[in-house]
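Participant: This is a predicted model, with the sequence first.
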Amino acid sequence: MLSIRCIPLLCCALLSVLIAHGAVSAAPNASPASSLSPSLRPPPSISPPSTPRTLIILESEEQKQTHSAFIQQLKDRGHVVTSVLAGDGVKLSTWGSYHYDHLIFLCPHAEDLGSGVWSGDVQSWVDSGRSVLIVGDVDMAEPLREMSEEILGVDFDPEGYRVIDKEQGVKLAGGDSATAGSTFMARLDETGSAYIGGGQVLGGKFVLYSGIGHTYRPSELIHPVLTASATARSESKREKEFASEGVDTLLVSAGQLKNGARITIAGSLDLFSNRFFTQSFTATASKSGSSSSSKQQTSSNSIFVNQLVQWTFYERGFLRARELTHYKIGAEHDQNPQSYRVSDKIHFSIVLEEYDGGVSRSWRPFHAPDVQLEFTMLDPYYRLNLTESPQGSGRYVRDFQVPDVYGVYKFVIDYHRRGYSWLSLSQSVSIRPFRHDEFERFIWAAYPYYTAGLTTMMAFAVFGIVFLYSTRTNNKQNASGNSKTQTRTDNSKQQ
């Protein structure tokens, strides 16, 4: 009976041996792992595609003509553009595989976005690391309001509100006049200029705006790009109340989530229109009933929108790191070792590159003066500035000495800069103490102890000699004195 009960156990053991043998035999055929840490590479979901696929959801067929310049900008940069009408429905993915890379909503007044692009679908889209551009407008419908609030925490002003600037009027060329300050020159926010490559790209020109404002919950993930001027405010045309005023009136905001997804919110459909792309206007100032006009100028909407959309769609400000190397100075042949010894001198280097989404669609060296390296064990022991060497190469280097504390350390680069994708990468190394045969034969710091030991030994030797010698002399004297006393005693007895 015992042998019969053991048969299942023996079968299980034999099966385990066969499985283990199969795994071992299959191991040599496996592809070798990369020497780079996984965090050195961008997540596959947000890597810039060679041929980006962009889906635009429109309100009507007329927008293909009224916004043709904006659509043409995308095509000129290599986008494969697909346009559908709101309500027709579209399938963003099939079994987790997405059919598009970027999503644009140009349908602020649509009451029905269609199946496949509701808030839950777009939330999954954003969770996968893909980008979204949401364009609102005056009297916008609820679907895009809810979507903006759920995805990025943006609240558009209530229905019936519009941003106006009665003090800084704009007179449009061609007989078209802006009524009651509804069209005005927007202000580029200082912190938001990083999203369009700096304020200098506008060439001193202004951005025309006509639309609605918005607010957002305080967050480190979203920042204003375009705001109203100090004399503007968002007010209701019915109740004569205002929701915000001055530079607190946000017009365009952009954000980058922790998974790398980029989202841009704008409150003006005209901002992307052909009319505002090439509109000539005259800025007028109205004070105390009098008005004055300046010279005619051209809007910079085309440049602003082009730069903003490039950032949103990972064509600019997208970073990657490669060739992370470190070695002991003097042992350049042994790169990226698993361990170092305390007090070793280390050379660290890494290459940082930025994606150029222009015609070339290639990676170019990234230049920045604020890249730092942290050498950490729980807490940073060192936080060091990296230097680009040689200049213009994109390779950042630093030499430093390992601290005199052994343990498991990490090389950490955690680079967060507004307008750029985040770089968070690390590599672990062990720091060991000196082995018993690696210490110096004579340590300079121990010379006082050496001297004390030798002095003690010499003093003991001198004391021993003196002690032994003085004891032997006393014994001789005592012996001679006893012999003399004995001789006297014998002589007296004889007498």
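Facilitator: Structure's in. What do you need? What you are looking at is a predicted structure, and each value in this text was computed from that prediction instead of being measured.
Participant: For the residue nearest to Val225 when sequence neighbours are not counted, give me its contacts.
Facilitator: Using CB to CB, 6 or more residues apart in numbering and skipping residues adjacent in sequence, the residue nearest Val225 is Gly192, 3.5 Å away. Every C-beta, even on glycine, is put in place using the N, C-alpha and C of the backbone. By CB atoms under 8 Å, 6 or more residues apart in numbering, Gly192 lies in contact with His223, Pro224, Val225, Leu226, Thr227, Val252, Ser253, Ala254.
Participant: How about Ala228?
Facilitator: By CB under 8 Å, 6+ apart, the residues touching Ala228 are Val163, Asp165, Phe184, Ala186, Arg187, Tyr209, Gly213, Ser234, Gly246, Val247, Thr249, Leu251.
Participant: tell me the pLDDT at it?
Facilitator: pLDDT, the model's per-residue confidence, is 87 for Ala228.
Participant: got the contacts of Gly192 as TSV, with secondary structure, neighbour count and distance to Ala452 columns?
Facilitator: Shown next, in TSV, are the contacts of Gly192 (DSSP: H, G, I helix; E, B strand; the rest coil; neighbours: other CB atoms under 10 Å; distance: CB to CB, whole Å):
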residue	secondary structure	neighbour count	distance to Ala452
His223	strand	19	66
Pro224	strand	23	71
Val225	strand	29	72
Leu226	strand	25	76
Thr227	strand	25	75
Val252	strand	28	76
Ser253	strand	25	73
Ala254	strand	26	70
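Participant: Thought Trp363 was touching Gly394, still the case?
Facilitator: No. Counting by CB atoms under 8 Å, Gly394 sits too far from Trp363 to count as a contact (9.0 Å).
Participant: shared neighbours, these two?
Facilitator: Applying CB under 8 Å, 6+ apart, one finds that Gly394 and Trp363 are jointly contacted by Glu353.
Participant: More neighbours: which of those two?
Facilitator: Gly394 (21 against 18; other CB atoms under 10 Å).
Participant: Thr278 versus the more buried one, what's the distance?
Facilitator: 38 Å (CB to CB, to the nearest Å).
Participant: Just give the number of residues close to Tyr327.
Facilitator: So Tyr327, with other CB under 10 Å, has 18 neighbours.
Participant: Within the helices and strands, which one has it?
Facilitator: strand 319-328 (DSSP states H and E).
Participant: average pLDDT for the following helix or strand past that strand?
Facilitator: Sequence-wise, the next helix or strand downstream of strand 319-328 (DSSP H and E) is strand 339-341. The average pLDDT for strand 339-341 rounds to 94.
Participant: Repeat that for stretch 457-474.
Facilitator: Stretch 457-474 shows a mean pLDDT of 81.
Participant: Can you dump the C-alpha atoms of it in PDB for me?
Facilitator: Taking Å, rounded to 0.1, in the frame of the first residue of the first chain, the C-alpha atoms of stretch 457-474 are listed here in PDB:
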ATOM      1  CA  MET A 457      58.300  48.700  24.700                       C
ATOM      2  CA  MET A 458      61.600  50.600  25.200                       C
ATOM      3  CA  ALA A 459      60.500  51.800  28.600                       C
ATOM      4  CA  PHE A 460      59.700  48.300  29.700                       C
ATOM      5  CA  ALA A 461      63.000  47.000  28.400                       C
ATOM      6  CA  VAL A 462      65.000  49.800  30.300                       C
ATOM      7  CA  PHE A 463      62.900  49.200  33.400                       C
ATOM      8  CA  GLY A 464      63.500  45.500  33.200                       C
ATOM      9  CA  ILE A 465      67.300  45.900  32.800                       C
ATOM     10  CA  VAL A 466      67.500  48.400  35.700                       C
ATOM     11  CA  PHE A 467      65.300  46.300  37.900                       C
ATOM     12  CA  LEU A 468      67.200  43.100  37.200                       C
ATOM     13  CA  TYR A 469      70.600  44.800  37.600                       C
ATOM     14  CA  SER A 470      69.800  46.500  40.900                       C
ATOM     15  CA  THR A 471      68.500  43.300  42.400                       C
ATOM     16  CA  ARG A 472      71.600  41.400  41.600                       C
ATOM     17  CA  THR A 473      73.900  44.000  43.200                       C
ATOM     18  CA  ASN A 474      71.900  44.000  46.500                       C
END
